[in-house]
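Trainee: after the sequence you'll find the predicted model.
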Amino acid sequence: MAAGQARAQDAAPFPRQAVERVLAESLQLLLERHLDRPAPADLALWSLRGLGVIDPRFEPLRRGAELRLTVEDQPIAATPLAPLAPREPAAAAAALATALGAFYEAGWRASPTLRRAGVERVIASGFEEVFNHLDPYSRYVTPAEARTARERRVGQVGLGLRIAVQRDGLAVVSVAPGGPAALAGIRTGDRLLAVEDRPLGPRDPGLAASLLEGPDGTSVRLTLLRAGRAREVTLLRELMPPLTVTAERRDEILWVRLSGFSALTERQLTAALVDGFADRPPRGVVLDLRANRGGLLTQAVAVADAFLTEGEVARTQGRHPDASRRYEASGRDLAQGRPVVVLVDGRTASAAEIVAMALSERRRAAVVGSATQGKGLIQLIAPLPNEGEIMLTWSQVLAPSGWPLHGLGVLPVVCTSLGPEILAAGLAGLGAGTTPMAAALDRKRTVRAPVPAAEAAALRGACPPAEGRAADRAAARALIENPSAYAAALATMGR
């Protein structure tokens with residue numbers, strides 16, 4: 001069977017028209033919207049290098065005004081470069097797609113390795129080489145990857161519980177509030193004995209996961225054990241948005257942890273703040289964004305808006321008119337003017353950095369921790385004719401004062417990554433109205449894109465990125481308990 005499939009694949013014709021449609025739409029988006037517009041001839045050359053990744057015998061060459069593709073030094077296709085660069089992006093993309101379609105088809109005929117790799121791998125390899133020259137976040141998404149990603153962006157189909165091995169069996173280790181499991185009365189600690197009458201033991205976590213998973217709207221029957229009594233529960237699978245906000249009140253401080261930015265993060269944060277301030281307002285709020293890799297830009301703006309009443313939150317800037325926007329606060333301060341401290345670390349990225357940047361620039365929060373990752377590029381996702389997607393970096397994030405987030409990240413006013421002595425000196429300095437981070441923060445506010453690598457490294461070196469540590473929480477508590485130090489921190493962050 002395998003040999004027969006290989007022979008059929010070797011004999012399959014190249015679907016040139018379908019490939020050219022995918023290339024034309026992708027390349028037009030790239031030429032119109034990517035943050036940096038590359039030359040069409042460069043795009044063609046980079047794309048053809050993807051063939052050499054699959055089959056090293058291929059080598060694309062630019063010879064004067066001509067682009068060639070060779071196999072073991074023998075030319076198999078060539079095209080003049082001038083027709084690839086008309087002024088209009090749509091025309092340039094169409095010309096590029098036609099030329100690349102011809103090159104790909106010639107390579108397909110000449111290489112059994114290429115044919116065995118398949119059409120999707122050919123397309124993907126070409127785009128991998130293109131984006132290797134542009135930025136680390138743009139990429140081509142195959143149809144299979146796109147289907148999975150779309151489901152993840154919408155939400156996860158599930159039952160609102162998590163199972164793990166405990167001692168001599170499987171047990172429920174977490175239950176999502178408001179999910180199917182919680183509504184059915186399932187609790188943490190319940191033993192899972194069977195799914196659809198299929199017995200399960202401590203060696204069956206993989207089997208349990210496969211039995212529990214299923215399409216949205218379908219049901220599944222669980223047999224559970226609690227306090228020596230077994231019972232059956234039927235649950236209806238439904239879209240379960242991830243819980244990205246958790247909160248607890250300790251030492252008269254509301255500690256709020258954000259693990260990501262999904263479609264419901266702002267709503268979950270609002271509920272946490274409203275509940276936390278319902279009876280007796282806390283002395284302050286600590287917003288923990290450490291190891292938060294980001295998510296939806298609109299949710300980042302909405303989260304910042306929960307602490308701001310007016311003014312600019314952030315702005316984006318790109319070549320395409322739609323890529324340049326200003327985001328303004330229009331909400332109400334759900335923290336009721338109480339001190340706010342934001343915890344960050346070297347893994348804080350993207351949307352989480354936008355929140356930290358906005359609150360510090362607007363003097364609404366003091367940032368504690370280390371330099372953040374510095375991921376300030378925004379991607380758009382566009383569908384393609386083959387049901388794949390193209391993900392393009394099309395704008396960069398700027399602070400209200402104009403400095404670029406990308407490459408720099410957010411610097412804290414209290415640095416915890418240089419050791420306890422520097423941390424103690426920073427807190428003491430704030431108590432006296434000064435801070436060791438003032439010079440770096442002032443210097444960063446004057447920086448404009450593009451930022452030289454040496455300048456970015458020097459600024460980030462003032463408080464090198466590091467993983468979060470216990471000292472972060474201690475420093476946050478110290479700021480909230482010392483109003484004069486907190487006021488000095490705000491003045492330093494946003495002056």
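Mentor: Looks like it came in fine.
Trainee: what's the span of stretch 282-302 from first residue to last?
Mentor: Chord length of stretch 282-302, first to last residue, is 22 Å (C-alpha to C-alpha, to the nearest Å).
Trainee: sort out which residues of that stretch are buried, please.
Mentor: Of the residues in stretch 282-302, those with enough neighbours to count as buried (16 or more other C-beta atoms under 10 Å) are 282, 284-292, 294-297, 299-302. C-beta: built from backbone N, CA, C; applies to glycine.
Trainee: narrow these to those in helices?
Mentor: In helices, judged by DSSP state H, the following of the buried residues of stretch 282-302 are found: 297, 299-302.
Trainee: just give me the closest of those residues to T434.
Mentor: Taking C-beta to C-beta as the measure, T434 lies nearest A300 of these, at 31.2 Å.
Trainee: that older thread, distance to C415 and pLDDT added to the ones in helices among the buried residues of stretch 282-302, as JSON lines?
Mentor: As requested, these are arranged in JSON lines below (distance: C-beta to C-beta, whole Å; pLDDT from 0 to 100):
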{"residue": "L297", "distance to C415": "27", "pLDDT": "91"}
{"residue": "Q299", "distance to C415": "28", "pLDDT": "94"}
{"residue": "A300", "distance to C415": "23", "pLDDT": "96"}
{"residue": "V301", "distance to C415": "27", "pLDDT": "95"}
{"residue": "A302", "distance to C415": "29", "pLDDT": "96"}
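Trainee: which parts of the stretch 1-150 of the chain are strands?
Mentor: Taking DSSP state E, counting those that start in this stretch as the criterion, the stretch 1-150 of the chain contains strands spanning 58-63, 66-71, 74-80, 139-141.
Trainee: most tightly surrounded among the ones you listed?
Mentor: Looking across those with neighbours counted as mean count of other C-beta atoms under 10 Å, the highest average goes to strand 139-141: a mean of 21.
Trainee: show me what that one is packed against.
Mentor: Secondary structure elements in contact with strand 139-141, counted by 3 or more C-beta pairs under 8 Å, 6 or more residues apart in numbering; DSSP states H and E, are helix 119-132, strand 389-398.
Trainee: what pLDDT, on average, does that strand get?
Mentor: This predicted structure assigns strand 139-141 an average pLDDT of 94.
Trainee: need the contact list for the spatially closest residue to E59 that is not a sequence neighbour.
Mentor: Take E59 and drop its neighbours on the chain: the residue closest to it by C-beta to C-beta, 6 or more residues apart in numbering is T70, 5.1 Å away. Applying C-beta atoms under 8 Å, 6 or more residues apart in numbering, we find T70 in contact with 58-61, 76.
Trainee: how close does T70 sit to A432?
Mentor: With distances taken as C-beta to C-beta, to the nearest Å, T70 is found 70 Å from A432.
Trainee: quick one, phi/psi of L343?
Mentor: Recorded main-chain torsions at L343 are phi -100, psi 130, according to degrees, to the nearest 10.
Trainee: if I look at it, how far off is L207?
Mentor: 40 Å.
Trainee: tell me the spacing between the residue nearest to E59 and V119.
Mentor: In this structure, T70 and V119 are 22 Å apart, going by C-beta to C-beta.
Trainee: I'd say I378 and A300 touch.
Mentor: No: the pair I378 / A300 is not scored as a contact, 10.6 Å apart, by C-beta atoms under 8 Å.
Trainee: just to revisit the earlier point, which one of L343 and L207 is surrounded by more residues?
Mentor: Set side by side, L343 and L207 give different neighbour counts by other C-beta atoms under 10 Å, the larger being at L343 (25 against 15).
Trainee: what sits against A302?
Mentor: A302 sits next to 265-266, 331 when contact means C-beta under 8 Å, 6+ apart.
Trainee: tell me which residues touch the spatially closest residue to V141 that is not a sequence neighbour, please.
Mentor: The shortest distance from V141 to any non-neighbouring residue, by C-beta to C-beta, 6+ apart, is to E389 (4.1 Å). Taking C-beta under 8 Å, 6+ apart, we find E389 in contact with 140-141, 146, 149, 381-383.
Trainee: for the residues you listed, which one is nearest V447?
Mentor: When the contacts of E389 are compared for distance to V447, the smallest value, 29.6 Å, is given by I381; criterion: C-beta to C-beta.
Trainee: out of the contacts of E389, which are buried?
Mentor: Of all the contacts of E389 considered here, the ones buried according to neighbour count by 16+ other C-beta under 10 Å are 140-141, 146, 382.
Trainee: need the ones in helices among the buried residues of stretch 282-302 in a markdown table with distance to P465, can you?
Mentor: Putting these into a markdown table (distance: C-beta to C-beta, whole Å) gives the following:
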| residue | distance to P465 |
| --- | --- |
| L297 | 22 |
| Q299 | 23 |
| A300 | 20 |
| V301 | 24 |
| A302 | 26 |
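Trainee: what's the closest of those to D197?
Mentor: Of all those, the one with the least separation from D197 (C-beta to C-beta) is Q299, at 41.7 Å.
Trainee: how close does P180 get to V285?
Mentor: 32 Å.
Trainee: try L224
Mentor: In this structure, L224 and V285 are separated by 38 Å, where distance is defined by C-beta to C-beta.
Trainee: helix, strand or coil for V355?
Mentor: When the structure is reduced to helix, strand and coil (DSSP: H, G, I helix; E, B strand; the rest coil), V355 reads as helix.
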